[in-house]
Every structure is written in structure tokens, then in C-alpha cells.
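Q: with the sequence up front, the predicted model follows.
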Amino acid sequence: MPQPLSIRVRLLFASCAFALSAPALAGANPAAEAQTLDILKRAIAFRTVQGPGNQTPQFAAYLKDQLVAGGFAAEDVTITPVDDTAFLVARYRGSDPKLKPLLLSGHMDVVEAKPADWQRDPFTPVVENGYIYGRGATDMKFGDAELVATLIDLKRQKFTPKRDVILVLSGDEETVMKTTQMLAEKFPDAYMLLNADGGGGSLSEDGKPQYFMLEGAEKAYGDYTLTITNPGGHSSAPRRENAINELAAVLTRIGAHQFTPQLNEITKGYFTAAADNADPKTAAAMRAFAKDPTDKQAIATLTADPSEVGHIGTTCVATMVNGGHALNALPQRATANINCRIFPGTTFKQVEDELVRVAAEPKMTMQFINVGTTASPASPMRKDVLDAVREGLDVAYKGVPIIPSMSSGASDSMWFRVRGVPSYGVAPIFIKDSDDFSHGLNERTQLFNIAPGVAYWKILIRRLSN
């Protein structure tokens, strides 16, 4: 019988007394490390942004060339065009084709970046002071490069897995996730998915590893458009009916509302473990909430902390408003967007019904905006995954705490989880809070991550494919 998650987490934390520092592993896998950096620099130079000039298909072709040159059969690496983008599938054949495949996941597209706003051109890779700069340096061409270089190195070493190992790289994760849905439909019976676009390690500002987040769940993304319409009229003859005022009252009620706090195996493990790295007040609230998710004092403390409120349940917040049609007229229409991050197990319709109830405005209409997302269940914290991650991290980060986590964002994993494929965010990148510029200006990642990352991926692939 497996140990309860809370016990496993405490065991993982038993080694917290180790003195941790940035690893010095350069040269452990010299060919793969050099190729990772080379691929990463080439990758950043591809402008893989949705819309005119999208170079995701060209980036996929470049990666295919690298894989084929590294020993993959050309027919085992396929590129499928989809609208202005594409997805890539590379099959590393195992000895037993009857076994379900192990999937390695990432995405090739990036968020738009305007050169005029950056200190350096976002699509020109720059290596400086131990960092690589450029769009995708963190999210997530670093992970793409490591996966490709590691698989090529395993080919070079004549490694044969028992089950097929399949690299699946989507082409529109940052937008509509159409390619991700197609990939999930293609591999609905996979053994599990390891996502290089989730989880990851935290560094203190003096560069010491603090903990590693093993992501086993994520909240669903949902947008709801609220609309109130009035007859309008001349602004010199105001009336009690005013679409802007009525919408403002609705938004005030929604802003003050708290969805019922929730707890699952992942977040219980997170609060139990993360409390050891929190300030005393927050730590006490984390432990109390893990024991009793109805604890009002714990809920109040965690709700007031922007870094923790997303872990205790569904959140909804107004993100855009628009109203009126002329400066000298009563508004005929007022609209707002409510963005929700929805706790696993809660449906979009349940959230919509609760928003309607809280709004308490019969003239209001609400529309759910489907932007290519789905609600997905949490994946179990499997012992084989925990053990593999532990071994992989110990190569460079001996004893670093592993914390189960639920992402408040969204990744490709959700489309696999909803089809029953256990999926885990396991990116081996350690980063300081002050260096986290994913989706922002001057994105950068420290290059010391390459050597331990390659060693880590080799261990995960070897263990979980066999």
C-alpha cells in the first residue's frame, strides 16, 4: 500500500539540512551540453509567434534535421502543418511496441515580443554574464533544446528503452492550443506525459537552490463576458437606469466574492511542504488549511497573499471593461471580462452559475468565451515519478526539497490529463524570482542549468521508459 502523500512529502523534506548551492557539472555530458546551447541559440532566432510571418514550421524543420542527423529515422520524425503553425512528433523506438509510450512534451511557439520595448532584440540570442537572453530563453525553448539534445545523446550511447519514448512539441500553446488538442487525440493511451513546460526549481537571490516544484495539476482558464444594455439617451437627462453604473455594481459584488476554498491531494501536499519555507504567519495558515480547508483564519491569511490565494480554490477577477458610445450620451451598453482560474473538479458551468448568482442583476447577460482550454483532473503523485525526479535532482541538487504543486496557469498537460494520461510538469530549470521574465521583457535564463538539466532528463527518460 503506498504511503499517504503527506508522509512522502515529509520524507522528501527530511534532507533539507543539506547545504545547497548552484551545481558545477559542466562537462558531464559534453556533447549534449554543447548541442543544447547551440540549439537554444538557433531556436531563439526563429520568430515563432502566431500570425503573419510565424516561423514555427521552420523551427520544427530545423529540429527534425537535428534529430535525423542524431540518429532518428526520418520517418520517425513528422511535422504536421496546422493553419500558420505546426506540431512535431519524434518517436524513439523501444524494444516492446506493445507497451504504452512515454511522452515528452513542450511547445515551440512563444509570446509576442516587440523589439522597441526590449534592451536587446528579443529574437537575437545574446549570451552575457552567464545568462542567455531572448524570447523563449525560459518559456520554453530552453526545455525544447534540452529534450532534443538529450534524446540525441541517448541515441549516441545506444540506449534502447523498453517502451517508445515520443517527443511531442506543440505549435500554439501560447494561444489557442489547437495543435495540443490534436496531439492529445493522437496519443490518448500514453503511459504518462513529462512536460518540460511546468514545475521547476526556485533559487534564492544569492543563488542557492530552495525547492523544486513537481506539478501534478493545473487550474482551468475561463473568460466570461458580462453585458448590460440600456435604451440610452441624452446625458443632460440622466436616469436611474445606467448600464455603466449597473455593471460597476455587479463588478463590485463579484470582486468581493470568494469561491468556496478547496483542497486536493496535490495542494494538501503543497501546503504541508511549502510551509517550511514560508514566514511564520503564512506557514501557520498553510498547515492549518491543509488540516481543515474551512479554517476561516487560515483562509483569510492565504487569501490576502497574492502568491497563495490561487492555491486555495477558484478565483475570478475583472480584467477588462468597456462602456458607452459617446461622451454626451447615456450608455447603451457596458461590458466586462471576468477571468477565472478554476480549481480541478469544478466545471465552467458551475463557475458561470455562481457568477450569475453573485451578480444578482437580471438585466445582465453572460457568455463563456472558449479560448481553447479545458478543465482537467489532478494527476496522482506516483512513487515512480517522485523517485525518478528525486534521483535526477540529486545529481546536482542533493536533497533539495520536492514540493507537489498545482499551476494557476495553463499548459499542454491539461489536454492529456482530461483524456486520462497522467501528466507532470518536471522542468529542471532553477531560477531566481528576480530573473523570471517569462512572457515579459528581457527574458533570460542562467546557463548553468544546461549541465544538470541534461543529466536529469537522462535519468527520467531511462527510469520511466523502463
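A: Sure thing, it's come through.
Q: same for the one helix or strand residue 250 maps to, what does it pack against?
A: Using DSSP states H and E, residue 250 sits within helix 243-256. Helix 243-256 sits against strand 220-229, strand 315-323, strand 333-342, helix 348-359, with contacts defined as 3 or more CB pairs under 8 Å, 6 or more residues apart in numbering; DSSP states H and E. C-beta: built from backbone N, CA, C; applies to glycine.
Q: show me the contact partners of that helix.
A: Here helix 243-256 makes contact (CB atoms under 8 Å, 6 or more residues apart in numbering) with 226, 228-230, 316-318, 321, 323-324, 331-336, 338, 355, 358-361, 363-364.
Q: mind doing that once more with 10 Å?
A: Outside helix 243-256, the residues within contact range by CB atoms under 10 Å, 6 or more residues apart in numbering are 224, 226-232, 238, 240, 242, 316-318, 321-324, 330-336, 338, 354-355, 357-361, 363-364, 366.
Q: which among those residues end up buried?
A: With burial judged by 16 or more other CB atoms under 10 Å, the buried subset of those is 224, 226-228, 230, 232, 242, 316, 318, 323-324, 330-336, 338, 354-355, 358-359, 361, 364, 366.
Q: tell me where this protein has helices.
A: For the chain, the helices defined by DSSP state H occupy 5-13, 30-45, 56-69, 141-156, 178-186, 243-256, 265-274, 280-291, 296-303, 348-359, 383-394, 413-417, 450-464.
Q: adding mean pLDDT and distance to residue 139, write the helices and strands packed on helix 243-256 out as JSON lines.
A: JSON lines is the format used below for the helices and strands packed on helix 243-256 (pLDDT from 0 to 100; distance: least, CB to CB, whole Å):
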{"stretch": "strand 220-229", "mean pLDDT": "95", "distance to residue 139": "16"}
{"stretch": "strand 315-323", "mean pLDDT": "97", "distance to residue 139": "21"}
{"stretch": "strand 333-342", "mean pLDDT": "96", "distance to residue 139": "18"}
{"stretch": "helix 348-359", "mean pLDDT": "97", "distance to residue 139": "26"}
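Q: nearest to residue 157, of those?
A: Of all the helices and strands packed on helix 243-256, strand 220-229 sits nearest to residue 157, with 40.1 Å by CB to CB.
Q: still on that earlier bit, could you give the mean pLDDT of the helix holding residue 250?
A: Across helix 243-256, pLDDT averages out at 98.
Q: likewise for stretch 360-380?
A: Averaged across stretch 360-380, pLDDT comes to 91.
Q: can you give me the end-to-end span of that stretch?
A: Criterion CA to CA, to the nearest Å; first-to-last residue distance in stretch 360-380 is 38 Å.
Q: what residues sit buried inside it?
A: Applying 16+ other CB under 10 Å to stretch 360-380 flags 361, 364, 366, 373-376, 378-379 as buried.
Q: OK, contacts around residue 41?
A: By CB under 10 Å, 6+ apart, residue 41 lies in contact with 124-127, 132, 134, 137, 141, 145.
Q: sorry, that was for residue 462
A: Here residue 462 is in contact with 154, 159, 161, 165, 388, 391-392 (CB under 10 Å, 6+ apart).
Q: repeat that for 8 Å
A: Contacts for residue 462 were tallied using CB under 8 Å, 6+ apart; they are 154, 159, 161.
Q: measure the closest residue to residue 419 other than its chain neighbours to residue 277 for me?
A: Spatial nearest neighbour of residue 419, chain neighbours left out: residue 188 (4.7 Å); criterion: CB to CB, 6 or more residues apart in numbering. According to CB to CB, to the nearest Å, residue 188 stands 38 Å off from residue 277.
Q: wait, doesn't residue 369 sit right on residue 225?
A: Yes - contact criterion CB atoms under 8 Å: residue 369 and residue 225 qualify, at 6.0 Å.
Q: any common contacting residues for these two?
A: Common neighbours of residue 369 and residue 225, counting by CB under 8 Å, 6+ apart, are residue 337.
Q: which strand residues bridge residue 85?
A: Residue 85 forms beta bridges with residue 82, as assigned by DSSP bridges.
Q: so it sits right up against residue 57, yeah?
A: Yes - shown here, residue 85 and residue 57 form a contact pair, counting by CB under 8 Å, at 6.9 Å.
Q: so which of the two has more stuff around it?
A: Under the criterion of other CB atoms under 10 Å, the comparison of residue 85 against residue 57 puts residue 85 first, with 28 against 21.
Q: which residues touch the more buried one?
A: Contact partners of residue 85, counting by CB under 8 Å, 6+ apart, are 48, 50, 54, 56-57, 109, 171-172, 179.
Q: also residue 309?
A: Applying CB under 8 Å, 6+ apart, we find residue 309 in contact with 302-303, 315.
Q: try 6 Å this time
A: Listed by CB atoms under 6 Å, 6 or more residues apart in numbering, the contact partners of residue 309 are residue 303.
Q: distance of it relative to residue 271?
A: Using CB to CB, we find residue 309 at a distance of 13 Å from residue 271.
Q: over to residue 135?
A: Counting by CB to CB - residue 135 and residue 271 are separated by 34 Å.
Q: kindly report the same for residue 252.
A: 30 Å.
Q: likewise residue 371?
A: Using CB to CB, residue 371 is found at 30 Å from residue 271.
Q: residue 307: how many residues sit nearby?
A: Each residue near residue 307 was counted by other CB under 10 Å, and the total is 11.
Q: quick check: chain neighbours aside, which residue is closest to residue 427?
A: Computed as CB to CB, 6+ apart, the closest residue to residue 427 that is not its neighbour in sequence is residue 200, at 4.4 Å.
Q: doesn't residue 429 make contact with that neighbour?
A: Yes - when contacts are counted by CB atoms under 6 Å, residue 200 is listed as touching residue 429 (5.0 Å).
Q: what is the least confident helix or strand in the chain?
A: When the helices and strands of the chain are scored by mean pLDDT, DSSP states H and E, helix 5-13 comes last with a mean of 36.
Q: can I see the domain layout of this structure?
A: As assigned by automatic domain parsing, the chain contains the domains 5-218+375-464, 220-369.
Q: so who does the closest residue to residue 323 other than its chain neighbours touch?
A: Ranked by CB to CB, 6+ apart and with sequence neighbours excluded, the top spatial neighbour of residue 323 is residue 334, at 3.4 Å. If a contact means CB under 6 Å, 6+ apart, then residue 334 has 228, 243-244, 247, 323 as its contacts.
Q: let's see 8 Å
A: Here residue 334 is in contact with 227-228, 243-244, 246-247, 321-324 (criterion: CB under 8 Å, 6+ apart).
Q: can you name the two of the residues you listed that sit furthest apart?
A: Greatest spacing in the contacts of residue 334, by CB to CB: 246 and 322 (14.3 Å).
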